[in-house]
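Participant: build the 3D model from these lines:
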Amino acid sequence: MTLTNNGEFNFDFVWKRQVNKYITITPETGTVQKGTEATFEITYLPIAEHQLKNYKVSLNIVSGPKYDFLMNGNARKPGVKLSFQTYDFGPCFVMRQPMPKKAILEIVNFDNSAISVELPNFEKKPYLDVQLAPGQVLLPSTKEKPIKLEVPIIFTPRIIKKYAEVIKFDFNGLYTIDVNVNGEGIPMQLELVDPDQALVDFGIVSVGGDVTKTVSLVNKSKKPVTFTLAPSNPD
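Facilitator: Numbers count the residues shown, from 1 in each chain. Reported below is the predicted structural model:
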């Protein structure tokens with residue numbers, strides 16, 4: 001909003017209004033020199049769902065006229081739905097050859113208009129990646145025919161430790177939703193019950209005969225281990 005002084009003298013101004021924590025006016029007081037103008041910025045910035053109805057503000061010119069304005073507005077959350085806001089990858093083995101784990105976050109827009117989605121503060125890390133292309137737009141959809149945006153979240157623990165990250169999704173540059181991601185890097189501890197069985201000697205076996213040896217293993221890891229046995233030398 002701009003106030004112009006076309007007169008021959010300077011004048012002072014002041015805004016008057018009832019307190020509203022969601023409304024700011026800058027500047028609220030000041031002087032407009034003759035032949036110049038002043039620009040005002042009126043901001044409505046609710047942090048929750050809110051309705052602004054016939055909110056009155058007055059621009060008073062000292063020893064001059066008064067201008068009244070009625071403001072209306074409505075704030076609500078975008079109609080987006082995430083398939084989860086917390087995901088725990090649980091214990092994952094830390095291997096020489098990294099073994100990524102993937103979770104798919106589904107985002108649906110149930111609003112009446114398209115909504116942009118960004119990751120303004122996220123930087124790819126060696127252990128965490130969120131595969132959301134820049135400039136993604138969520139098209140409106142219905143519960144009967146939802147249009148899902150699938151966002152892969154890749155967890156690849158590199159060291160033995162617990163991980164916790166917060167991924168902030170930004171919608172329309174105005175509304176954010178946090179997604180908490182947890183996981184743990186653990187060692188694989190599949191061991192022989194008897195270390196002396198690292199070498200198994202079948203002794204002398206006659207042609208056509210067979211000898212059976214039993215080797216016991218113990219899994220000291222935090223999660224089950226799937227393994228296969230194969231000869232190191234096929235011959």
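Participant: isn't G73 up against L52?
Facilitator: Yes. Using Cβ atoms under 8 Å, G73 and L52 qualify as a contacting pair, with a distance of 4.0 Å. Where you see a C-beta, it was placed from the backbone N, CA and C, and this is true even at glycine.
Participant: list residues touching both of these two?
Facilitator: Residues within reach of G73 and of L52 at once, by Cβ atoms under 8 Å, 6 or more residues apart in numbering, are Y44.
Participant: more crowded one of the two?
Facilitator: L52 (16 against 13; other Cβ atoms under 10 Å).
Participant: quick one, what contacts the more buried one?
Facilitator: Counted by Cβ under 8 Å, 6+ apart, L52 has contacts N20, Y22, I23, Y44, P46, M71, N72, G73, N74, A75.
Participant: cool, and I186?
Facilitator: P91, C92, F93, V94, P157, I160, S221, K222, K223.
Participant: can you redo the residues you listed as TSV with neighbour count?
Facilitator: Listed next are these as TSV, based on neighbours: other Cβ atoms under 10 Å:
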residue	neighbour count
P91	16
C92	21
F93	18
V94	19
P157	25
I160	11
S221	15
K222	14
K223	12
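Participant: out of those, which one sits closest to Q33?
Facilitator: P157 (64.2 Å; Cβ to Cβ).
Participant: close enough to count as contact, that closest one and P187?
Facilitator: No. Counting by Cβ under 8 Å, P157 sits too far from P187 to count as a contact (10.6 Å).
Participant: what is in contact with the two at once?
Facilitator: Contacts common to P157 and P187, judged by Cβ under 8 Å, 6+ apart, are V94.
Participant: what separates stretch 187-198 from the chain centre, distance-wise?
Facilitator: For stretch 187-198, the separation from the chain centroid amounts to 42 Å (computed by Cα atoms, centre = their mean, to the nearest Å).
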